[in-house]
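1. got a predicted structure here, sequence first:
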Protein chains: 2
Amino acid sequence: MIDSGDSSRDLLVGVDVGGTKVAVLVVDAPRHIRSRVAVPPDLTSPQRTLTGIAAAIRQALEMGSASLHEVAAIGLGIPGHVDPQTGVVHLAVNLNWREMSVRAWLSEELGVPCFLEKDVRAAALGARLCNGSSSVQNMAYVSVGTGIGAGVILQGRLYHGTHGMAGEIGHMIVEPNGPRCQCGAQGCLEALAAGPAIARLAQQAVASGRETRLRDYSPLTAESVYQAAEAGDAAAQAVADIVGYYLGRALQILVMTYDVEEVLLGGGVSRAGQTFLAPTLRELERQRQQSALAREMLRLEMFKLLPPNCDAGTWGAIAIAEQSLRGSVVHRFDSW
Amino acid sequence: MIDSGDSSRDLLVGVDVGGTKVAVLVVDAPRHIRSRVAVPPDLTSPQRTLTGIAAAIRQALEMGSASLHEVAAIGLGIPGHVDPQTGVVHLAVNLNWREMSVRAWLSEELGVPCFLEKDVRAAALGARLCNGSSSVQNMAYVSVGTGIGAGVILQGRLYHGTHGMAGEIGHMIVEPNGPRCQCGAQGCLEALAAGPAIARLAQQAVASGRETRLRDYSPLTAESVYQAAEAGDAAAQAVADIVGYYLGRALQILVMTYDVEEVLLGGGVSRAGQTFLAPTLRELERQRQQSALAREMLRLEMFKLLPPNCDAGTWGAIAIAEQSLRGSVVHRFDSW
């Protein structure tokens, strides 16, 4: 049982808070899904966003015919700079949150202990769960979406870094004369290989007058690029190859610094599947051809897509809830 | 006391094994230096190299009027791929060692428990000690010499990675069309900013026919470059600036991935001091000018040279000896 003082609290709730979706997952102790809910966030004010999250949690519990009294803990993945110790969100641009005491407010409001983590870090735990690699000690989860970030598990545990900024690989400079990044620097990985950069490359291909089915898409997105590439469009494939080249370079650096066992790739852009992954693997294979060290360190089978049905965000939030409980309380989630 | 079963064993020995020097340090429990010895390694055969190390240890003890019976443990920093768990050196190119059971042989030969670590990783512990930053949880020690490597302390402990290869930053590719590295890849950091690369850049400057005092040096080394730069030679300064540019880029990536609190720079090339460090700091400052994230993450005061009198290698080996003892035995080195 989760809490030896209250054996009825055998549910966990995981919340993946995003700029366009708040997803809630309720599970019981044997890790069975009780219910799921996804609602758009209420972005009309910082406080209403928070109130909306509480409402989404209540809604998910209702759908599972459960109540807050049965919940042992709630984990939340937040897209921003979070301090898991204090439960304060320092900055979450998409939610317009600055120095919000999210944990304190939600715990009080719901009467259940709440625990926060940066979204990509929570998702790393979820990805490990989906991938069945819970024995892997050193692992990186790389999310390629609107931005690029990594959640890193080292020696079996999430690694945060000194200021909670570890894994900011979207801002490693891979092309010093490259395009300007939102952060202000030139040639950050994110400015070359995240969703908006891919869309920009596609627009440039269209603008160049080249014959391509990319001109049929409106809006022209990263998704369009991989669809067109899959259908054999050469201009779209060229864009996918550029993205793969930069991701391959970033993954080389990631592995040379962290020496991880596995790199799982997720995030919106990665949903294009093999069309997304193959150009990255080609760049890594090119590096392997050149160097014995690269052949030793960069085994292609260590780079994997997240399974398409893996909801890494909410499962990761569940893992955060569970890990935060662990240690202080006797409970039945030990195997997680 | 170190070993409750044998209170007379209150010395530690640290050995920094290099391709040109074997340095031995003997200290007692309050961390007072008893003796130091440095001898050239005997490279006439792998076994004789090992026998020579044992002889150097005995010599250092004799100089300190001490005996092996007083030694609690011996730590060794080895320039190669080492498994600290098994005490086997998989590969140490400069010593011509392959799959050598160094720990087993030395422990048996000397009758004292011996512990191995990769040299740059041991030196990271030594650097932390010299820098008085023992409370720093996340730190990188970057050695710039014949090669470039990092020893990384995360959450207070050395981080090895899955295959003991973490911190191989000398082989992060920072210039994809750059010069060929010894590893076979193009544009590794090491091929652009380590000692031999600096000497090559200096030779190119001389060969270009440019007016420079670099042509007066023979041999023309990295040290010559920084001497000439310090004396105001423009061509030498240009080489130092190139090196600083690439090191600055690598340190940016290191900090963005690991989010360390401090980066200590050591190794032969770094002995040039401020002439070496300043161009790296200029590149980092350039990045800071561009980006708020860089200003937040890359504080210039976090990048420090190892103090010139710091013998990070042997003190790190002492720390390895001490850490390896710790946990199993009651001893008086707790504060290390």
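-> Arrived safely, thanks for sending. Numbers count the residues shown, from 1 in each chain, chains lettered A, B, ... in the order given.
2. could you see whether chain B lies near the longest helix seen in chain A?
-> In chain A, with assignment by DSSP state H, the single longest helix is helix A:234-258. Yes - among the residues of helix A:234-258, A:Arg249, A:Gln252, A:Ile253, A:Leu254, A:Met256, A:Thr257, A:Tyr258 lie within reach of chain B under CB under 8 Å from any CB of the partner chain. C-beta: built from backbone N, CA, C; applies to glycine.
3. tally of neighbours for the last one?
-> What that stands for is A:Tyr258. 30 (other CB atoms under 10 Å in any protein chain shown).
4. isn't it up against B:Met165?
-> No - with contact defined as CB atoms under 8 Å, A:Tyr258 does not reach B:Met165; the gap is 9.4 Å.
5. quick one on the thing from earlier: now render the residues of helix A:234-258 next to chain B as TSV, adding pLDDT.
-> As requested, these are exported to TSV (pLDDT from 0 to 100):
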residue	pLDDT
A:Arg249	97
A:Gln252	97
A:Ile253	96
A:Leu254	96
A:Met256	95
A:Thr257	95
A:Tyr258	95
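6. OK, contacts around the residue of the stretch 1-150 of chain A found nearest chain B?
-> Residue of the stretch 1-150 of chain A nearest chain B, by CB to the nearest CB: A:Asn138 (4.8 Å). Going by CB atoms under 8 Å, 6 or more residues apart in numbering or on different chains, A:Asn138 touches A:Ile153, A:Leu154, A:Gln155, A:Tyr258, A:Asp259, A:Val260, A:Glu261, B:Gly161, B:Thr162.
7. now the second one. Its backbone dihedrals?
-> Listed backbone geometry of A:Leu154 is phi -120, psi 130, with angles given as degrees, to the nearest 10.
8. who touches the helix or strand that contains A:Gln289?
-> Using DSSP states H and E, A:Gln289 sits in helix A:274-290. Helix A:274-290 is contacted by residues A:144, A:226, A:229-230, A:240-241, A:243-245, A:247-249, A:251-252, A:265, A:269-270, A:294-295, A:298, A:300, A:303, A:305, B:173, B:184-186 when judged by CB under 8 Å, 6+ apart.
9. and for stretch A:178-186?
-> By CB under 8 Å, 6+ apart, stretch A:178-186 touches A:171, A:173, A:175-177, A:187-188, A:190-192, A:197, A:200, B:287, B:290-294.
10. now the terminal residues of it, how far apart.
-> Terminal residues of stretch A:178-186 are spaced 6 Å apart (CA to CA, to the nearest Å).
11. report the buried residues of it.
-> Neighbour-count burial for stretch A:178-186, counted by 16 or more other CB atoms under 10 Å in any protein chain shown, picks out A:Gly178, A:Cys181, A:Gln182, A:Cys183, A:Gly184, A:Ala185, A:Gln186.
12. next one: stretch A:17-30
-> Across stretch A:17-30, burial judged by 16+ other CB under 10 Å covers A:Val17, A:Gly18, A:Val22, A:Ala23, A:Val24, A:Leu25, A:Val26, A:Val27, A:Ala29.
13. residues contacting the residue nearest the centre of chain A?
-> By CA atoms, centre = their mean, chain A has its centre lying nearest to A:Val120, at 3.6 Å. Going by CB under 8 Å, 6+ apart, A:Val120 touches A:Tyr141, A:Ser143, A:Gly149, A:Ala150, A:Gly151, A:Gly167.
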